[in-house]
Structures are given as structure tokens and as C-alpha cells.
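Student: This is a predicted model, with the sequence first.
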Amino acid sequence: MISSLGARVTAWTVMLRGIRYRGGRSVVVFLVAVVATTAAVLTPAYSRAAQQSVLTDGLGTASTDATGLTVGATGTKDSAAFLDLAEIRLAMNAALDKDDRLDERLDRPVAAIDTEVTFAQTGAKLAYRQDVCAQLALVGACPDNPGEVAVSKRTADAHRLKPGDVIAVHLGPVPGGRDKSFKISGVYSPHDANAAYWGRTAYFSAGADGAGERADALFSLTEDDLRAEPTATLTTRLEYPLRADRVHLDDVAGLRQDLQALGDAMRGRELEVTTTLPAVLRDIDTDQRAIARTAPVIAVPLLLLCWFVLFLLVASLTEERGPEIALAKLRGYPAGRAARFGLGEMLLLTAAAVPVGLVAGLGLVQLAADLLLAPGVHAEVRWPVFAAAGIALVAGVLAALLAARRTLARPVLGLLRRVPARGGWRAGAAEGVVVALAAASLVAAAGDRTSPLALLAPPLLALVLGVAAARLLGLWSAARLRLARRRGRIVALLSAAQLSRRPGGGRLVVVLTVAVALLSFAATAWDAAARARGDAAEDAVGAERVYTVNAAHPDALEAALARADPGKHAMAVVRASQRFDNSPIELLGVQADRLADVAFWRGHSRDQVGGLAARLHPAAAEPLRLGPDLGAEVTVDALPARPALRLAAVVANPGQPPRTVTLGALAKGTRTYHAALTGCTTECRLIGLAVGRAAGGSDPFAVTVAVHTLTSDGRPLSPGFDQAGRWQARPGASGGATVTVRAGAALGVDVSGADPADAVVEHVDTPDALPAVLAGGAPADDARAGAFSLPGFSDQPQPFTVAARTDSLPRAGHRALMFDLDYATRMAERSASLADNGGLRYEVWAGPGAPADLAARLGAQGIPVLATESVTGYTDRLARRAPALGLWLYLLAGGAAILLALGVVLLSAYVGVRARLYELAALRVAGVRAGPLRRAVFREYRALLGLPLVVGLAAGIVGALVMLPGIPLVTAGAPAGSFTYEPGLGALPIALAVTVLGLLLTVLFVLRLLGRATPLRLKDGGQ
């Protein structure tokens, strides 16, 4: 027992002394093993963190009403909608007490009740909402007492209400229901109408809709006031926000089951559970599955590289220790003990590297989480991490056994030989397998770039090129050696001789080629993806910042923006959607004169955008703006006895439907007709003049009038009567009336026929057809048509002409129209009220020079900002999606590969360094100066490292350019297709610079190491 213990102590002592004796080499071996373990741990740890980041970010950026949960009922007296909120709360508390997972992830609920009511022929909601007064700026008191309500400032202004007034509200259906009087305790304005507190209920919807006028909600804090009428339909509910920061990957499947179980339990109490959380989770699953698919594709080549590096490491060290193993065999060591003697140091260092690599991998993932991933995401210590570390250890041991088997099996004389062993048939067979796999992956890539085998094509191709480069380097070195011998060039002779006989030179070339290819592929893909994300953000947002706003009508938005941004660095945009052939078409009305300074239009220069904008706004007459009155000097030569006729003006107040204002009954001779425009809250616009019957009827008549002048507010207008086409008869007369317009010093209008409607002659202040930039096919039978009709901002079709065609429009996509907002508004206001058009969406696009506080300025002008988007924010969100997170793993894997390669380069310098120093010292004694020796070593490493650097760089870039069209770069499930890559300061040049710097430092270290080759080394003959 004592002898056995002594043998074990001696074995450990020998290993530890060997590690210490070969200190530099041992450090390199340890570091390479650490990097290998770190690389193995990196994939599962980072993938887990990235998936959690996608989940956290997806839930955090989704709206509260999308991720929250609502429990309640809708109905009349006999339904659960008339339950007390306390009863619903008790039922939910009882259900959640049995479900800790759901209970911990739901925040405190907000209780709410509302019902539809009417007052003064206006619809509204009578609403109870828990703690509502904290969300309101009140003039007066909170409606805490029964019979009290708070009304909005808009409602109070529109109906001339104030605190203390009584308002009669009708509860329940009409007819039926009952009237109830409420005292107005206060007038409110919401602090933030878009706050998450309000959920998905529209409380602030004052304006006109298809059912008539609506007012903002009337708030009451007495539940029984809403239940006063049994026939009223109530919506009673508890709204539970989700605590997204508490939802983890392991919770998702359970949450789906819990929500289903909760819904079943509440249905037994006639309560409905409503949530769109499962749909949000399904969308997030897409990114998570993409990360799960990406990780193995990245992990396989990296882990194979790690295994190959460990294999080379053991093979090189075992080969170097061949003479020592031979001596051990000569002293009678059995085969097993000799093997432990030869492998002990390596296995001990590999095992010691596992915990360090494990900590390093988790630390690297935590650093990535802090810098790249969603807040609150951390590296998780889970069994796959330990499994990966264990696999790295097992792989290291297997690599050691396989690498050392050939050396340990040699006889003593073979181990004592100084000539390196030549490669056998196994190496050729392995190279053949690699070539076959690479060919298969290329074939797969030609058919489907997204298949797993196709995604392995770049590293396999790099491996093939690495093998080819190693072979080429060997042939080139042999040729250079023969040439240098004939010419007697000592530097070339020494470098070529060393390259041709270096035992691990070919394997070093392969490792470095694959490592550089992995890094350059990842860096190229990252640069292309970064550009693609920027392009996608510019396309989706359309400008540097975009504010979604609420405006009464387009003119109100333009006027408010003019005051908020007098420098014209922002642009009003009005959007609508139409359909043609069951396909949506986005309509985009823009201020054309600001388009070039504001919009991001990829593929178009500023001058090109300016040229398109000019085509959208061709010259047209200025609108005739009216003051408080309108006068017209008119001559009537012949007037029929019957019917009595009148002269009228068609005027439009911004945002309101056009109306007809009577100027007076027509009489023979020349006279001035006049009318006060009392309905114009701002400047009205003169749409046209009308001649029609004073008292209706359908008797035929014929009349000729000449309009000499138009005046408003005591000033003459410039109607352009003498310009042909400035005034035109409105088309579409229903009764066959004939209207003829003659330009001249006075506008001549001849009307004849029996049309009961007025004959209208319109002032033309827009193009005949609205010029538009078209993306996609024309909404007509002929997709290439240059003109078509489509409803614009009104329900009536209007003519469009194609001014230009493009692939896509900013913020509108590939099926859209862009046109001038001013002209579109004028056209629509000839027949419709834009204030009543609920299909219009209002935005303000801000350019780089727009005021930073533009949102506050718009709010001060009565234009509330509902949402804000920016290119930077959109790009940041894309950077937290699956493709970007997967590419980060590519970059980390490429960096790990380069570290492994540098470790192999250092190890190659240490292996056989004593013999190399002896040779160099002998050459110094033979008369070769130190300078040529250093140049020979530098030339040797220049070829040894330069060739794989160039080949690997080319392989990575070419592989990226070939594979990237089939790889999602912006969003999961959407391959890049065409993409743009422009060389510049990005990941690729940085990666290349870091790689070259690392190789240079390695070469300098090798030169310094070989600088110890002094003649003193020959004194003891040690090699």
C-alpha cells in the first residue's frame, strides 16, 4: 500500500514538475483549453439568455392591453355584468390563490364599469374607473358622491357646461330606458390619454362618427349610479396588467395552461377571461425558434474547431515528448503507465481549464446580457451549461487519446527519431470526407440556403480551402527550398527549409484558415445586417422622427405645425387606406415642398426627392380665401319670368363640408350681390358660384350671367376670369342641364335645362388629376395605367395621374400612393367634410433640423401626440430581435475561434523550441548573423500566417455574400433576399485589424522567444 501510494504521489509530482518545467507551454495549453471550454459553454448559455431577452423585450414593448388580462361580463340586469366588483374580485382571488404562477405575474387590477348613454342628442360613455381622479386634471371636485359626474373640458366647452350644473343623461335603450340627472362636480382633462392605465377602452372619443355626435366619457365613482337602469347594457370588468419582468422562459408553457384553466373556471361563474397574451407569445416564439435553430449551426463548426485544436495540441505535445516516453519504456514502464506519463500533464491542464472556462463563458454571456440584451436578463446556470462543459472535457480526453495513440504505439527507436513522421492514408481519407461534406453542403445551399446543411457550407468550404492552402504551402516551400539552394540565398533557404519540414505547419494553416473564415463570415454578415436594419428602420419610420397625432382635419394640422415649426423642418402627413381588387393600398398625403428635407427615401438622393416633390405639386391657381363676407358684381341680360332664380356661392370652412350661401335673387341689369359668411370660423375658401331656383321645382329655364368682380372684406379677389380653364362647370348634372363657361374680362355663364339642382361653376385651384408617385401596380384593370380613379380623402372617386413609379414609398411600403396634401385636401373639401372622416390618420414627420421639443410644441397648439417613433429607436428594437442576437453569437464564436488559432500559433512556437534554439545557435556559431536569422523566421511566419489569413478572409467574405440572401437579417422567417454591403468602418475591418494585430504580436513573441538562441546553448549540447 505504501509503495502504491508513493507511486501515485510520485506520478502527481512528476506531472506538476513537468508543468512547472514547461511553464510557458503549460500556460498556452491551459489557455487554449480554457478558450475551448468557454466556446462550448457559450452556445447554450448565450442562446438561453437571448431567448429570454426576446421574451422580455417582446412583452415589454407590447402594449399593456395586449399582454394584460380582463375578467368580466357584458349584459343587462340578469347577467353577471350587474355583479358588484367586489364579488368579481373575490372570485378572481379565489382562483389565483390556487395558481401561484399566474398570481405572481399579474399586477393589481383596475376595476371598471361603463355603459352607453346619451345627453343633448350626443352619445357618450358613463364610466366608473378605479382611482380615475388621480389620472385627471380637475377643475372642481372629484365625483365621489352618488349622483355626481365629471365631464371633459371638450364636452363642457361644446355644451356650455360648468361645475355645479345638472346634466340629464338617458340610461338604457332608446326607446325605453330612463333619464337620470347628475350634478357636474368637476371638469377634467386627462393627464395622458394614452397611458397604460386606460387599457383598451376608448374614453376620449369626442367628435362625429357614423352614429352621430359623441362626447368624452362622463366619469362617476359610484357603481350603483351605473346600475340604476336594469335595461342598460353594462360592461363590468377587472383589468389585470401583466408583470412582464417576472415572466421567464420556463413559465411560458405553464402560463398558457393557466390562462386556459382560469377561463374555464370563470365561465362557470358567467365571467369571461379576455387576453391576447397567447397571441403575443406566439409572435415571440418565432424569434425564439430562430435563435434555437441558429445556435447549433454556429456551435457545430466552433466545437469541431475546438476539438481539432485540442487534438493538435495533444498530438504536438505528445510528439515533442516522444524521446521522454521512449526513455520511460526503456526503464521498464508498462504501456499504461507510459501513456499516463505522456498524457498526464495535458489531461491535468485540460481538466483544470474546465471550471475556469465555465466561469469565463458565463461571465462573457453576462457581459453580453448587460450590453446587448433586454434589461434584467442574466446568464443562467443550468444543466445544459454544465453538460457543454462536460462535453468539452470528454472531447478533450478523446482528442488526447486519439492524438496520442499513434505516438504511444511507436517502438522506442521510432520515438527517438528526429525526423517528423509523414502523414498516412488516414489524413487523406479525412480530407476526402471533408471535401465530400463541403460539396454536399454547397449542393444543399444551391437548393435551399436555409437548410442546416447549407448553413454549414461556409465553415466546410473554409476547411477545404484550408487543407488546399496547407498543401499549396508545402509544395511552394519545397520549390522555394530547391531554388534557394541553387541560388545560395540564406534567408529564403532557412525559411523554406523550416516550412517544408515543420511537423504541424499544415495543421496550423487549416486551423487559422477556418478561424479567420468564421470571424470574417460573422463580421460580414453583421455589417450587412446592420445596414439592412438601418434600411428597414428608415423604410418603416420614413423620417428621423414621426409623431402620430390627433387633429381635427388636415388644415388644422398644417396650421398648428406652421406655428410649432416655423423653420419648416417638419412635415404634416395625412394617411388613409383604400382597397382595390381585394388588396390594400396605402394613401400618403404629404407637404411636397418639405418632402426632400424631411423624408428618408432609400435609393433616392435629396435632389431626386426634390424633383419628385415638384412633380407632385405642379403650378395651380391659389385658392380664393374669403373674409367675413362675399360680394359679386353681376350682369344679367335676359331673365326668364319663371322660375325665380338666385345667385349663390359654394364655400368651405376648413374641415367642414361645403355649404351654399345665397348671394341674392337674380335681377336684370348690373348689380352687386352680397352675403355675410357667418359660419366661417377661419378663412373660408370659395369653391364656386351657383345659379339655381330660388324656390325649387323642375321648370326648364335658360339664363346668361356675367360675373365682373368678386370682393371679400372690402378687398377685391383675383378670380382669374380672363384665364381659360380657371373656372369650369361642375360635372355630373343630374337633369340634363347645360352649363357653358366663357373666360374674359367678365366670367360668362350660360345655364339651360331642367335640372332641379344648382348649376355650379367651380374655381379650379387644383390640377385636373392629382399627380402621384405610385408604388406597385396601378389600381386599375391595367396595372401599368398612367391614370386611374380612386377615392382619396373622401368617399368619392377622384382622378389620379402617375407622376412617377417606384418600388416602395417611405412608411407606406410596396403598394401605395404619395401625393400632395394641399391639393388632395382642396379636392376632397369640394364635396366632403374631412373632420367627419374617421379613416384619416394624422402624422408629423420631423427631419434632422426639427425642434427637439416638437411634441410639446404640437401639444401646446392643440395637437396631442399619441405616439412617437424614431429611426434610432426602431433600429434598437430590431437589434434585439432574433437575427441580430444570432449574429452576435456568430461574432462571439468567431472571436473564440481566433483566440484558439492564436493559441495554436503560440503552441507551435513552443513545441520543439529547445531543438529550434539549438539549431539557430549552431547557425550563429557557423557564421550566420542574427539579422538574417530573424528575417528568415519572420519570412517563415509571414508565409505560415499570411496565406491562411488571406484565404480565410476571402472564404468568409465570399461565403457570406453567397449565403446571406437566404439568411434572415432583420426579422425571423424573412430571408434577406437582396441586400446591400458597402465596405466601410464596421465589424469586418475591426475584426481584420484585431486579427492582424494578434498575429503580429504573436510573431513578435516568437521572435523574442527565438532570440534566446545564443552560442551558450551549445555548451551542454542540450536540445
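Tutor: Received the coordinates, thanks. Please read all numbers here as calculations on a predicted model, not as lab measurements.
Student: Show me where the stretch 601-750 of the chain has its helices.
Tutor: 606-616 (DSSP state H, counting those that start in this stretch).
Student: Output the below-cut-off pLDDT ranges for it.
Tutor: Along the stretch 601-750 of the chain, the parts satisfying pLDDT under 70 run over 681-682, 732-736.
Student: which stretches of it form strands?
Tutor: 625-626, 629-636, 645-652, 659-665, 669-676, 684-693, 701-712, 715-716, 727-729, 738-742, 747-753 (DSSP state E, counting those that start in this stretch).
Student: got JSON lines for those, with distance to residue 772 too?
Tutor: Where you see a C-beta, it was placed from the backbone N, CA and C, and this is true even at glycine. Output for the strands of the stretch 601-750 of the chain, formatted as JSON lines (distance: least, C-beta to C-beta, whole Å):
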{"stretch": "strand 625-626", "distance to residue 772": "26"}
{"stretch": "strand 629-636", "distance to residue 772": "33"}
{"stretch": "strand 645-652", "distance to residue 772": "23"}
{"stretch": "strand 659-665", "distance to residue 772": "29"}
{"stretch": "strand 669-676", "distance to residue 772": "37"}
{"stretch": "strand 684-693", "distance to residue 772": "23"}
{"stretch": "strand 701-712", "distance to residue 772": "32"}
{"stretch": "strand 715-716", "distance to residue 772": "35"}
{"stretch": "strand 727-729", "distance to residue 772": "21"}
{"stretch": "strand 738-742", "distance to residue 772": "28"}
{"stretch": "strand 747-753", "distance to residue 772": "31"}
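Student: Dead centre of this protein: give me the residue that sits there.
Tutor: Centroid-nearest residue in the chain, with C-alpha atoms, centre = their mean: residue 878, separated by 3.0 Å.
Student: my read: that one touches residue 872, true?
Tutor: No - in this structure residue 878 lies outside contact range of residue 872 using C-beta atoms under 8 Å: 10.9 Å.
Student: Need the overlap of contacts for the two.
Tutor: Common contacts of residue 878 and residue 872 (C-beta atoms under 8 Å, 6 or more residues apart in numbering): residue 537.
Student: circling back: how about the contacts made by the residue nearest to the centre of the chain?
Tutor: Contacts of residue 878 by C-beta under 8 Å, 6+ apart are 533, 536-537, 884, 970-971.
Student: Can you list the low-confidence ranges for the stretch 801-950 of the chain?
Tutor: For the stretch 801-950 of the chain (pLDDT under 70), the answer is 836, 907, 909-933, 936.
Student: Verify the contact between residue 613 and residue 598 for me.
Tutor: No - if you go by C-beta under 8 Å, residue 613 and residue 598 don't touch, sitting 10.2 Å apart.
Student: Need the outlier residue of the chain, farthest from its centre.
Tutor: residue 641 (72.5 Å).
Student: do you know how far that residue is from residue 634?
Tutor: 19 Å (C-beta to C-beta, to the nearest Å).
Student: Please apply the same query to residue 33.
Tutor: Taken as C-beta to C-beta, the span from residue 33 to residue 634 is 101 Å.
Student: rewinding a little: could you measure the residue farthest from the centre of the chain against residue 753, distance?
Tutor: Taking C-beta to C-beta, one finds residue 641 at 17 Å from residue 753.
Student: Give the buried residues for stretch 126-134.
Tutor: Buried residues in stretch 126-134, counted by 16 or more other C-beta atoms under 10 Å: 126-130, 132-133.
Student: Quickly name whichever of the residues you listed is closest to residue 906.
Tutor: residue 130 (67.8 Å; C-beta to C-beta).
Student: Ramachandran coordinates for that closest one?
Tutor: phi -60, psi 130 (degrees, to the nearest 10).
Student: what do you get for residue 382?
Tutor: phi -130, psi 170.
Student: Show me what the helix or strand containing residue 950 is packed against.
Tutor: Using DSSP states H and E, residue 950 falls within helix 930-963. When contacts are defined as 3 or more C-beta pairs under 8 Å, 6 or more residues apart in numbering; DSSP states H and E, helix 930-963 packs onto helix 457-487, helix 490-501, helix 505-541, helix 913-925, helix 987-1010.
Student: and the first one, what does it pack onto?
Tutor: Using 3+ C-beta pairs under 8 Å, 6+ apart, the elements in contact with helix 457-487 are helix 277-320, helix 425-447, helix 490-501, helix 505-541, helix 930-963.
Student: Pick out the shakiest of these, pLDDT-wise.
Tutor: Comparing mean pLDDT across the helices and strands packed on helix 457-487, the weakest is helix 425-447, with a mean of 50.
Student: hmm, back to that, out of the strands of the stretch 601-750 of the chain, the one nearest residue 177 is which?
Tutor: strand 659-665 (35.1 Å).
Student: What residues sit buried inside the closest one?
Tutor: 659-661, 663-664.
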